[in-house]
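In: Got a predicted structure here, sequence first:
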Amino acid sequence: MADSSAEPIMLELVDEDGRTTGTAEKLAAHVPPGRLHRAFSVFLFDDQGRLLLQRRAPGKYHSPGVWSNTCCGHPYPGEPPFVAAARRVGEELGVTPTLLCEAGTVTYHHPDPSSGLVEREYNHLFAGFVREPLRPDAEEISETVFVTPGELEKRHEAGPFSAWFMTVLNAARPVVRELNGAGAGW
């Protein structure tokens, strides 16, 4: 649980081209209408080409209890997104990603009706593999599962998923397909 006397978590604000314009406190950046800020999303696969999903912990302030991509978050101001992505995979899942590579960027504006918060992000996408046993942090993740494309489709129809999930997955698909081979169905 976060210490209320701790320093506020600051996010890097950006313009539509991803250039830094300043900083804002994390929660303030997510209050409607939202402020465009730098973020990252990670998609990790096992050696069978299955995607690792996580269910966000019920105590998360934003989008609690929903399924989402392997890992997502925000770099600290000035922290390279690749470094932040690898750091958060370690913090959330207790593993080091293998062959993590850039998979592009995507900008979006997704209100979350259940929390009233807004995801307005310039999101750096990464894809790679996980080859170690997972050790999820229970304050971040309540459940994990590896899925094939068909299993993901069924699970997504059953919901609930994070508001940003399909946007970031669709944007990362070209690199995801390259990593997993054309026949993998991604």
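Out: Received, thanks.

In: ok, for T21, nearest residue in space, not its chain neighbours?
Out: Spatially, and ignoring its direct neighbours in sequence, T21 is nearest to L13 (4.9 Å; C-beta to C-beta, 6 or more residues apart in numbering). Bear in mind the C-beta positions are built from the backbone N, C-alpha and C, glycine included.

In: Am I right that the one you found falls within a helix?
Out: No - assessed by DSSP: H, G, I helix; E, B strand; the rest coil, L13 does not belong to a helix; its assignment is strand.

In: Can you give me every residue that contacts it?
Out: T20, T21, G22, T23, A24, A29, R35, L36, H37, R38 (C-beta atoms under 8 Å, 6 or more residues apart in numbering).

In: Then Y122?
Out: Residues near Y122 by C-beta under 8 Å, 6+ apart: V14, E16, G18, L36, H37, R38, A39, T105, T107.

In: Out of those, who's the most crowded?
Out: Of all those, A39 has the most neighbours under the rule other C-beta atoms under 10 Å, reaching 29 neighbours.

In: average pLDDT for the helix or strand harbouring that residue?
Out: Using DSSP states H and E, A39 falls within strand 37-45. For strand 37-45, the mean per-residue pLDDT is 98.

In: That one - contacts with which helices or strands?
Out: Counting contacts by 3 or more C-beta pairs under 8 Å, 6 or more residues apart in numbering; DSSP states H and E, strand 37-45 is packed against strand 10-14, strand 51-56, strand 71-73, helix 81-93, strand 117-129, helix 165-180.

In: any idea how far stretch 67-76 is from the chain center?
Out: In terms of C-alpha atoms, centre = their mean, to the nearest Å, the centre of stretch 67-76 is found 2 Å from the chain centre.

In: picking up where we left off before, and the helices and strands packed on strand 37-45: which comes nearest A158?
Out: strand 51-56 (12.4 Å; C-beta to C-beta).

In: Fine, thanks again, bye for now.
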